[in-house]
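Colleague: sequence plus the predicted model coming up.
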Amino acid sequence: MKNNIPKITAIVVFSFFFLKGTIDLDNLFNYANQTVPNYITKDNTPGNNAIDDKIATLGRVLFYDKNLSNNNTIACASCHQQAFAFSDPLTTSLGLNGGNTGRHSMRLVNSRFADEVKFFWDERATSLEDQVTQPIQDHVEMGFSGTNGDPDFSALITKLSAITYYQNLFEFAFGDQTITEARMQLALAQFVRSIQSFDSKFDVGLQAANGNVGPNFGNFTADENLGKRLFLDPPNRGGAGCAGCHRPPEFDIDPNSLNNGIIGVANGTGVDLTNTRSPSLRDLVNPNGDLNGPLMHDGSLTTLLAVIDHYNAIPNNAANTNLDQRLNPPGQGNQNLNLTNDEKTALEAFLKTLTGTDVYTNEKWSDPFDSNGNINLVGSTLSTQEHLFGKNVLLYPNPAKDFMNLSVEQGNYEVAISNQLGQLVLVQSVLGTQKLDVSKLNSGVYLLKIVDRDSKRTFNIKFIKQ
């Protein structure tokens, strides 16, 4: 079908206009070709799911959409919040009916940059693709479990298939409107793998050292360099041996790790020996130095020093039959490092150098919905919009000064114009082609939404008021 939406002039191409609650499909964020330092070599991306800007954009919408829960109250982002490195400040997260999840929500930063391909603390998901839809199918978390009176996943697919923006986005990403769990998994996994953080003080120092992590970094304090040495060196060389499991420069977990001696159950008194995975140690704290949430699978440690104290003297617990042998050296008993207080402080200082800044505020990873939970898709590449709306729409001239011509066949429509903050500035009824008075609008970028009151279908287009 020939695209009848006029091209927006070059001012949009060369300016940064962001409409709250709007995704411009002509100007996608860069997910596929982000800069990754050359010293980062680990990558768990499967060969059949390389990041694509269109599919990752769909993944962003799915990640933040509360429609993915049975009662429209919980999204993936409810438990994995950008402000906390995509973790949760709560010990355990709240599900759709107020129930608590079984474990603390892992940070998702740099999930891609690891040898480990399995996910969840207990590694029960064989891949990130396998993992991303399991919370949706959990009775406590998002409620499409098919158990305990919940609808099953097919009900979610039916629900999403009736939403106009998913009809648009799936066709935009995959070439047709078909929604499947496999496609949702691909999109969500791409978005999560795109979340990266490589602008830390550690990265600055490593780049200056030409990727050599061993020598003192010129931008580090004495404490930070001491902490780095303790992190890297094994116990038999006077270090803490942290790098034996959390391997720099990615700081990913060794896939062969067993549990670390924390065997409690979150909000309970039982024993759980199955937690053998860890997120990256990057962005344990935010740029202000505050923890991004409690630590360990059960959220039982609430300071970095508490973590260091735990590894300094691993508890002897006969019930723990799955302790990683690196924490229980043969003939020596459980690990006892005898770190001094100054060494503990130095390790804490080093761990704080692994935090970046961009990941906390970058719009590409932010909530695309407006404050009312709405989202608008705009862009001349969205020719599917006309197909779904069922009628050709023209809006011209664009940019406009005083008046614009809206061309649409006879019908019963509502036209709503919103500013960059998502605030409605004009609403009127139209019955077909009509001249719109925009003379009283301030100069800027606006979104025009036309709703067919009979079919309930919508059409969105961005315009510039001069």
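Modeller: Arrived safely.
Colleague: when you work out contacts or count neighbours from here on, use the C-alpha atoms and nothing else.
Modeller: Noted.
Colleague: can you tell me the centre-most residue of the protein?
Modeller: When C-alpha atoms, centre = their mean is applied to the chain, the residue found nearest the centroid is residue 192 (4.9 Å).
Colleague: which residues touch whichever strand or helix holds that residue?
Modeller: Assigned by DSSP states H and E, residue 192 falls within helix 181-194. Contacts of helix 181-194 with the rest of the structure, by C-alpha atoms under 8 Å, 6 or more residues apart in numbering, involve 31-32, 45, 49-52, 55-60, 62-63, 108, 110-112, 128-130, 132-133, 157.
Colleague: stretch 230-244: end-to-end distance?
Modeller: 12 Å (C-alpha to C-alpha, to the nearest Å).
Colleague: number of residues surrounding the nearest residue to residue 278 once chain neighbours are set aside?
Modeller: In this structure, residue 278 finds its nearest non-sequential neighbour in residue 253, 5.9 Å apart by C-alpha to C-alpha, 6 or more residues apart in numbering. Around residue 253 there are 22 other residues, counting by other C-alpha atoms under 10 Å.
Colleague: how about residue 253, phi and psi?
Modeller: The phi/psi pair for residue 253 (degrees, to the nearest 10) reads phi -90, psi 140.
Colleague: go on, residue 404?
Modeller: When read as degrees, to the nearest 10, the backbone of residue 404 gives phi -130, psi 150.
Colleague: pull the number of nearby residues for it.
Modeller: Applying other C-alpha under 10 Å, we find 20 residues neighbouring residue 404.
Colleague: over to residue 449?
Modeller: Around residue 449 sit 19 other residues, with neighbours defined as other C-alpha under 10 Å.
Colleague: A strand includes it, no?
Modeller: Yes. Counting by DSSP: H, G, I helix; E, B strand; the rest coil, residue 449 is part of a strand.
Colleague: tell me the pLDDT at it?
Modeller: pLDDT for residue 449: 87.
Colleague: those strands in the stretch 1-150 of the chain, which residues are they?
Modeller: 22-24 (DSSP state E, counting those that start in this stretch).
Colleague: where do the helices sit along it?
Modeller: Counting by DSSP state H, counting those that start in this stretch, one finds helices in the stretch 1-150 of the chain at the ranges 10-13, 53-64, 76-79, 128-131.
Colleague: which one of those helices is the most hemmed in?
Modeller: Mean neighbours per residue, mean count of other C-alpha atoms under 10 Å, is largest over those for helix 53-64, with a mean of 24.
Colleague: helix/strand/coil for residue 165?
Modeller: Here residue 165 is recorded as helix under three-state DSSP.
Colleague: quick one, what contacts it?
Modeller: Residues near residue 165 by C-alpha under 8 Å, 6+ apart: 375, 376, 377.
Colleague: how far off helix 53-64 does the helix holding residue 192 point, in degrees?
Modeller: 90 degrees (axes from the mean of the first three to the mean of the last three C-alpha atoms, to 10 degrees).
Colleague: for helix 181-194, what is the distance to the chain centroid?
Modeller: 11 Å (C-alpha atoms, centre = their mean, to the nearest Å).
Colleague: mind pulling the model confidence for the residue nearest to the centre of the chain?
Modeller: Looking at residue 192, the pLDDT reads 99.
Colleague: for residue 23, same thing?
Modeller: 91.
Colleague: low-confidence ranges in the protein?
Modeller: Under the criterion pLDDT under 70, the flagged ranges of the chain are 1-19, 380-390.
Colleague: how's it carved up into domains?
Modeller: As given by automatic domain parsing, the domain ranges for the chain are 28-195, 376-465.
Colleague: select, out of the ones you listed, the one closest to residue 316.
Modeller: domain 28-195 (21.6 Å; C-alpha to C-alpha).
Colleague: who touches the next helix or strand after the helix holding residue 192?
Modeller: Note on helix 181-194: by DSSP H and E, the next helix or strand toward the C-terminus is helix 201-208. With contact meaning C-alpha under 8 Å, 6+ apart, helix 201-208 is reached by 212, 213, 217, 218, 219, 220, 353, 354, 355, 356.
Colleague: what do you get for stretch 449-466?
Modeller: Residues contacting stretch 449-466 (C-alpha under 8 Å, 6+ apart): 8, 164, 376-379, 385-386, 388-389, 398-401, 411-417, 438, 441-448.
Colleague: which among those residues end up buried?
Modeller: 8, 164, 376-379, 385-386, 389, 398-401, 413-417, 438, 445-448 (16 or more other C-alpha atoms under 10 Å).
Colleague: so the spatially most distant residue from the centre of the chain versus residue 79, what's the distance?
Modeller: Residue farthest from the centre of the chain, counting by C-alpha atoms, centre = their mean, is residue 331 at 44.1 Å. According to C-alpha to C-alpha, residue 331 and residue 79 sit 42 Å apart.
Colleague: now do the buried residues in stretch 199-216.
Modeller: Across stretch 199-216, burial judged by 16+ other C-alpha under 10 Å covers 200, 201, 202, 203, 204, 205, 206, 211, 213, 216.
Colleague: ignore what I typed, I meant stretch 96-113.
Modeller: Quick answer for stretch 96-113 (16+ other C-alpha under 10 Å): 96, 100-113.
Colleague: of all the domains of the chain, which lies closest to residue 325?
Modeller: Taking the domains of the chain one by one with C-alpha to C-alpha, domain 28-195 is closest: 17.6 Å.
Colleague: could you find the closest non-adjacent residue to residue 295?
Modeller: Closest residue to residue 295 apart from its sequence neighbours, by C-alpha to C-alpha, 6+ apart: residue 301 at 5.2 Å.
Colleague: quick one, phi/psi of the one you found?
Modeller: phi -110, psi 130.
Colleague: for residue 458, same thing?
Modeller: phi -130, psi 160.
Colleague: what's the answer for residue 285, then?
Modeller: According to degrees, to the nearest 10, residue 285 has phi -120, psi 160.
Colleague: and the closest residue to it other than its chain neighbours, how far is that from residue 270?
Modeller: Spatial nearest neighbour of residue 285, chain neighbours left out: residue 291 (4.1 Å); criterion: C-alpha to C-alpha, 6+ apart. The gap separating residue 291 from residue 270 is 26 Å, by C-alpha to C-alpha.
Colleague: with neighbour numbers in mind, choose between the two.
Modeller: The residue with more neighbours, out of residue 291 and residue 270, is residue 291; 19 against 9, by other C-alpha under 10 Å.
Colleague: my read: that one touches residue 284, true?
Modeller: Yes. With contacts counted by C-alpha atoms under 8 Å, residue 291 reaches residue 284, the gap being 6.0 Å.
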